[in-house]
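Asker: Requesting a structural model of the entry that follows:
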Amino acid sequence: MEEVILNPIGIINTPYKDQKNIPIQGCFDNSPEGVCNVLDKYSEGLSDLQDFSHAILIYHFHKTKEEKIKARPYLEPVEHGVFAIRSPYRPNKIGFSIVKINKIIGNKLFFSEVDMLDGTPLLDIKPFVKHFDNRENVKCGWIDKHFENGNIPEQTILH
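Answerer: Numbers count the residues shown, from 1 in each chain. Coordinates of the predicted model:
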């Protein structure tokens, strides 16, 4: 297969200097704010994004050194296949987060619903479009049992 080389379009700055207290998904903690600092040569690409409420950030898990085909997710005491979890121990170490856009000023995208480390390399930004991205009759495998009856598991924030 052909090699794929990705170059960051910017860097993500967040209050999280290490993994401690990062929510497993940003939707569980709306209080901190992050900033995507987009390289100047890509800043015009932010045009019109301010008209969307949310964006999908695609980034590189830059601090992850290991690769695991099976790993234990935060909500489970057992391992699952890496493609059935959102672990950073992936073959290509690519992560994504859906974030709430707070404002865009120049080459900076300010957002909430933060769940990534400070200094994370930003690979791409896409608008979240409910007409394309929402689905009905969704099954979430082993995760569904953790959210039965509207419960939010205690482990949604790392300790």
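Asker: mind listing the helices for the protein?
Answerer: Counting by DSSP state H, the chain has these helices, from start to end: 130-133.
Asker: how about low-confidence regions in it?
Answerer: 20, 22-31, 140-147, 152-159 (pLDDT under 70).
Asker: Find the centremost residue of it, please.
Answerer: S97 (2.3 Å; C-alpha atoms, centre = their mean).
Asker: isn't that residue right up against S112?
Answerer: No. Using C-beta atoms under 8 Å, S97 makes no contact with S112, being 11.0 Å away. Any C-beta I mention is one placed from the backbone N, CA and C, and that applies to glycine too.
Asker: May I ask you to confirm that K63 is in contact with D118?
Answerer: No. Assessed by C-beta under 8 Å, K63 is found out of contact with D118, at 10.2 Å.
Asker: the more surrounded of those two?
Answerer: Set K63 next to D118 and count neighbours by other C-beta atoms under 10 Å: D118 wins out with 15 against 12.
Asker: Against V129, how distant is the more buried one?
Answerer: 28 Å (C-beta to C-beta, to the nearest Å).
Asker: G106 now?
Answerer: Shown here: G106 relative to V129, a distance of 24 Å by C-beta to C-beta.
Asker: what's near enough to touch I9?
Answerer: Neighbour list for I9: 38-39, 42, 45, 122-125 [criterion: C-beta atoms under 8 Å, 6 or more residues apart in numbering].
Asker: Just name the closest of those residues to P88, please.
Answerer: Closest to P88 out of the contacts of I9 is L123 (14.1 Å), distances taken as C-beta to C-beta.
Asker: Mind listing the residues bridging to the residue nearest to the centre of the chain?
Answerer: In this entry, S97 is beta-bridged to L57, by DSSP bridges.
Asker: With D115 as the reference, measure out to it.
Answerer: 5 Å.
Asker: circling back: can you list which of the contacts of I9 are found in strands?
Answerer: Counting by DSSP state E, the contacts of I9 place 38, 122-125 in strands.
Asker: CSV for the residues you listed, including neighbour count?
Answerer: Listed next are those as CSV, based on neighbours: other C-beta atoms under 10 Å:
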residue, neighbour count
V38, 22
L122, 22
L123, 17
D124, 16
I125, 22
